[in-house]
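1. Provided below for reference: sequence and predicted model.
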Amino acid sequence: MIQVKKLWKRFGHREAVRGISFEVKPGEVLGFLGPNGAGKSTTMRMITGFLTPTAGTVVVDGFDVAVAPVKARQRLGYLPENAPVYGDMSVLNFLRFIAEMRGFSGAARDTRAEAAVQKCFLDTVRHQTIDTLSRGYRQRVCFAQAILHDPPALIMDEPTEGLDPNQKHVVRDMIRQMGSQKVIILSTHILEEVEAICSRVIIISNGVLVADSTPAELKRRSPTGRLDDVFRQLTVTDDVSDLTRKEVA
């Protein structure tokens, strides 16, 4: 379980995240939505321990990220947007390296790397250097490093960004399969993706949580029954509305 309680983050005088609270349980795939600058990535970085909150707490599987950061991170798999990889390494050697960084050695290291190759459908490219892979395969490698240690929770930032429709289908299937057993938080701008794989949606705007519901329940809030219309209703700010009116005029 991931518990976020009264989370705040200030950068100077700017409040990027303002008092956000929510819980995510195993078996839930949570779509984490918001317009650019809403505080999504900042929140996810605080959950994963890459940013220190100004106030509030994050607990991962019983471990407070601020009090026991190593224990908490051991229970997390993190797929950031544009995840870094070593391009001159082969897929298999890179995953073996990640396994070693996670504390595995010998046969356990090789077993973990092999399991990640199989789960992410990387068998045909296991000996290729990462620099020679297509965007879709590189994303699968990044996904593989995030799940290699079989964490109970996965945090993913724009996991299908830049992929073609076939590649998106593969990644979404992987997320769906793992979502039945793990806690998954998925940040995306693709609302079609939310409807396809998320069992629950949180929307934030200007650093504040403005919705927490299922995709179906959110769609019922709109006369059109469209998720994008509800998203706009909840997140369009005055400056965006003014700009839209000027463009129409």
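-> Everything's here; your move.
2. show me where this structure has its helices.
-> 40-47, 69-74, 91-101, 106-119, 135-147, 165-179, 191-197, 215-219, 227-235, 238-248 (DSSP state H).
3. what's the closest of the ones you listed to residue 31?
-> Among the helices of the chain, helix 191-197 comes nearest to residue 31, with 4.0 Å by CB to CB. Any C-beta I mention is one placed from the backbone N, CA and C, and that applies to glycine too.
4. just checking, what packs against that closest one?
-> strand 29-33, helix 165-179, strand 183-187, helix 227-235 (3 or more CB pairs under 8 Å, 6 or more residues apart in numbering; DSSP states H and E).
5. picking up where we left off before, could you identify which of the helices of the chain is most buried?
-> helix 40-47 (a mean of 23; mean count of other CB atoms under 10 Å).
6. average model confidence for that helix?
-> For helix 40-47, mean pLDDT is 92.
7. roughly how far is that helix from the heart of the chain?
-> Offset of helix 40-47 from its chain centre (CA atoms, centre = their mean, to the nearest Å): 9 Å.
8. same check on stretch 94-114?
-> 23 Å.
9. likewise stretch 91-102?
-> 21 Å.
10. try stretch 26-34
-> On CA atoms, centre = their mean, the centre of stretch 26-34 falls 9 Å from the chain's centre.
11. looking at the helices of the chain, spot the one closest to residue 206.
-> helix 227-235 (8.3 Å).
12. related to what we said a few turns ago, same list (the helices and strands packed on helix 191-197) but as TSV, adding mean pLDDT and distance to residue 129.
-> Compiled in TSV, the helices and strands packed on helix 191-197 are given as follows (pLDDT from 0 to 100; distance: least, CB to CB, whole Å):
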stretch	mean pLDDT	distance to residue 129
strand 29-33	94	32
helix 165-179	85	19
strand 183-187	93	29
helix 227-235	91	40
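13. mind giving me the domain ranges of the chain?
-> Under the assignment automatic domain parsing, the domains of the chain span 2-75+155-248, 85-150.
14. any idea how far apart the tips of the shortest one sit?
-> Domain 85-150 has its terminal residues 19 Å apart, counting by CA to CA, to the nearest Å.
15. and it, average pLDDT?
-> 93.
16. and the residue nearest the centre of the chain, how far from residue 52?
-> Centroid check for the chain by CA atoms, centre = their mean gives residue 156 as the closest residue, at 1.8 Å. For residue 156, the distance to residue 52 (CB to CB, to the nearest Å) stands at 22 Å.
17. try residue 129
-> 36 Å.
18. so which of these two has more stuff around it?
-> residue 129 (15 against 11; other CB atoms under 10 Å).
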